[in-house]
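Chemist: Next input, structure requested:
(4 chains)
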Number of protein chains: 2
Amino acid sequence: MSKARPDPIAVAVDNWRQAGWGSAAAGMALVTSVMRVQQLLVTQIDERLRPYGLSFARFEILRLLAFSRHAALPMGTVGRRLQVHPASVTSAVDRLERDELVLRTRSVNDGRRVMVALTPVGRSLVERATVDLNSYFESIGMSDEQIEGVVEALRDLRHSAGDIDAGESVL
Amino acid sequence: MSKARPDPIAVAVDNWRQAGWGSAAAGMALVTSVMRVQQLLVTQIDERLRPYGLSFARFEILRLLAFSRHAALPMGTVGRRLQVHPASVTSAVDRLERDELVLRTRSVNDGRRVMVALTPVGRSLVERATVDLNSYFESIGMSDEQIEGVVEALRDLRHSAGDIDAGESVL
DNA sequence: GCAGAATAGTTTGACTTCTAACTATTTGCT
DNA sequence: AGCAAATAGTTAGAAGTCAAACTATTCTGC
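Modeler: Prediction:
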């Protein structure tokens, strides 16, 4: 039987405590746990999206457009709904446009606004990718009860960071 | 009173359910919650580290070196302990070396290995930055009980992703 | 002793993130 | 009507991530 690998986060907690920083250890464990899990989730998701030539960031934009009434939204709205920086939206939409999955057009109502619209090819791709990704979401390695607990706890954190208003559950 | 902002993740859950993908909604909510919280944490942490000219990634490397016996480690060990890709370690150490916070030397015992050592300037900086960051970790917006619940749940996820062995609690 | 396998780290390139600064347009106030 | 403020999106640059491929060195088995 091979030697057990120590959990890097547990080791970090021990280090923090031995250094006399016990009162910060819980916060540090939370931060590094979230960082590590995010990295794992991104890796797993990008693996599933690679056959479609998509990353998660670009998939999310296509998914958002597919949900919207006319399959088109202003760039700013995309950024707000996905909570990413305008420059990040510009960059991702550049690539989606390069791959002919979306089209940019200047709004006729407001010359400042750029509309992003899903193309037929983009729609077909995102629907197929969603099937694959939903399969992944359904088998993510936690029970629904456990997920609900984590999601609510993270919602409290998002609220205390001023990200959202206080309110009802997500799930 | 201004109009309440809807929670983007709650809206996404509604969209998922209306699309008939209810069984994937919990997994999707977990993923987007973790993504968003990670982004918030990185933003908050980088804000506190900016006065030191550090990012969280570089801070972690300095912290790890500061914890090690001789304030030096092989590059590969740094990558394994922090669970980042060798290329990412190369990149971050490039910058730390540029700022004279670390020094690289070739191991005398094994010509393949590169040792990274903390400089006196680097040590001073990381100790000061740690004080600031610990203050942040102590006031992170969740009770220790709540943190413990989330960290354990995320540990289960890390385990089911094959990241770590099953075992005791982190905290 | 040597060749192939394994290990260590780097390089290249793509991608995503954000900050800061910019251009272009609209809004609101006087 | 005109100007300043606000809004929308882009550009430039820096940073960090990883995949793939590379160079260099050590280890292993024959």
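Chemist: so how far is A:N134 from A:I140?
Modeler: Note on A:I140: its distance to A:N134, by C-beta to C-beta, to the nearest Å, is 11 Å. Where you see a C-beta, it was placed from the backbone N, CA and C, and this is true even at glycine.
Chemist: swap in A:R95?
Modeler: The spacing between A:R95 and A:N134, counted by C-beta to C-beta, is 23 Å.
Chemist: between the two, who's got more neighbours?
Modeler: Neighbours of A:R95 and A:N134, each counted by other C-beta atoms under 10 Å in any protein chain shown, are more numerous for A:N134; the result is 19 against 16.
Chemist: any idea how far A:L41 is from that one?
Modeler: Counting by C-beta to C-beta, the gap between A:N134 and A:L41 amounts to 15 Å.
Chemist: Let me see the ranges of the helices in chain A.
Modeler: Taking DSSP state H, the helices of chain A run over residues A:8-18, A:22-49, A:56-67, A:75-82, A:86-98, A:120-138, A:144-160.
Chemist: How far away from the center of its chain is stretch A:127-141?
Modeler: Going by C-alpha atoms, centre = their mean, to the nearest Å, the spacing between the C-alpha centre of stretch A:127-141 and its chain's C-alpha centre is 14 Å.
Chemist: How about stretch A:71-90?
Modeler: Between the mean C-alpha point of stretch A:71-90 and the mean C-alpha point of its chain there is a distance of 13 Å (C-alpha atoms, centre = their mean).
Chemist: try stretch A:137-157
Modeler: Relative to the mean C-alpha coordinate of its chain, stretch A:137-157 is positioned 14 Å out (C-alpha atoms, centre = their mean).
Chemist: what's it in contact with?
Modeler: Applying C-beta atoms under 8 Å, 6 or more residues apart in numbering or on different chains, the contact partners of stretch A:137-157 are A:164, A:169-171, B:7, B:9, B:23-31, B:33-34, B:36-37, B:40, B:140-142, B:146, B:149-150, B:153-154, B:156-157, B:160-161.
Chemist: Just confirm A:H159 contacts A:A166, I think it does.
Modeler: Yes. Under the criterion of C-beta atoms under 8 Å, A:H159 is in contact with A:A166, at a separation of 5.5 Å.
Chemist: Comparing the two, which shows the higher neighbour count?
Modeler: When neighbours are counted by other C-beta under 10 Å, A:H159 comes out ahead of the other of A:H159 and A:A166, with 15 against 10.
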